[in-house]
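> The sequence and its predicted three-dimensional model are supplied below.
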Amino acid sequence: MLANIIHLIFVSYTVMLFIRVVGSWFPNYQHHPFMRFVYHYTEPYLAFFRKIIPPLGGVLDLSPILGFLLLGILERIILLIVT
């Protein structure tokens, strides 16, 4: 049961990151309340990775890739500990 809840939390945050990435391609929707919600909860996490690898050429942001990778690794580690 606890493993399912943990998995759901990680999947939810991964979906939020995905929405953030896709939403960045549509600047007209960036001020929509839902996108502001997503931005609010994903920006601190992605900002951490931007400190490590700043956007290339000022436009190519690799922080979501690192974010997705770390989320997957953390989920596996936590599920190994819990189960």
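Arrived safely, thanks for sending.
> What average pLDDT does the strand or helix carrying residue 14 get?
Secondary-structure element containing residue 14, defined by DSSP states H and E: helix 2-23. Taken as a whole, helix 2-23 carries a mean pLDDT of 97.
> same deal with stretch 58-74?
Taken as a whole, stretch 58-74 has an average pLDDT of 94.
> Now the helix holding residue 14: buried residues?
Within helix 2-23, the residues that count as buried by 16 or more other Cβ atoms under 10 Å are 6, 10, 13, 16, 17, 19, 20, 21, 23. For every residue, glycine as well, the C-beta is placed using N, CA and C.
> from the residues you listed, which single one is nearest residue 62?
Nearest to residue 62, judged by Cβ to Cβ, of these is residue 21 at 11.1 Å.
> Now for the closest one: which residues touch it?
The contact partners of residue 21, by Cβ atoms under 8 Å, 6 or more residues apart in numbering, come to residue 64.
> returning to what we had before: any idea how far the helix holding residue 14 is from the chain center?
Distance of helix 2-23 from its chain centroid, counting by Cα atoms, centre = their mean, to the nearest Å, is 8 Å.
> go on, stretch 12-29?
Stretch 12-29 sits 9 Å away from the centroid of its parent chain (Cα atoms, centre = their mean).
> With stretch 73-83 instead?
Here the centre of mass of C-alpha atoms in stretch 73-83, compared against the chain's by Cα atoms, centre = their mean, lies 18 Å away.
> buried residues in that stretch?
Within stretch 73-83, the residues that qualify as buried are 75, 78, counting by 16+ other Cβ under 10 Å.
> ok, now stretch 27-37?
Using 16+ other Cβ under 10 Å as the test for burial, stretch 27-37 gives residue 35.
> helix or strand right after the helix holding residue 14?
Taking DSSP H and E as the definition, the helix or strand that follows helix 2-23 towards the C-terminus is helix 33-52.
> Which elements pack onto that next one?
Using 3 or more Cβ pairs under 8 Å, 6 or more residues apart in numbering; DSSP states H and E as the contact definition, the elements that helix 33-52 packs against are helix 2-23, helix 63-82.
> Redo those as a markdown table? Include distance to residue 55.
What follows is the helices and strands packed on helix 33-52, written out as a markdown table (distance: least, Cβ to Cβ, whole Å):
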| stretch | distance to residue 55 |
| --- | --- |
| helix 2-23 | 13 |
| helix 63-82 | 8 |
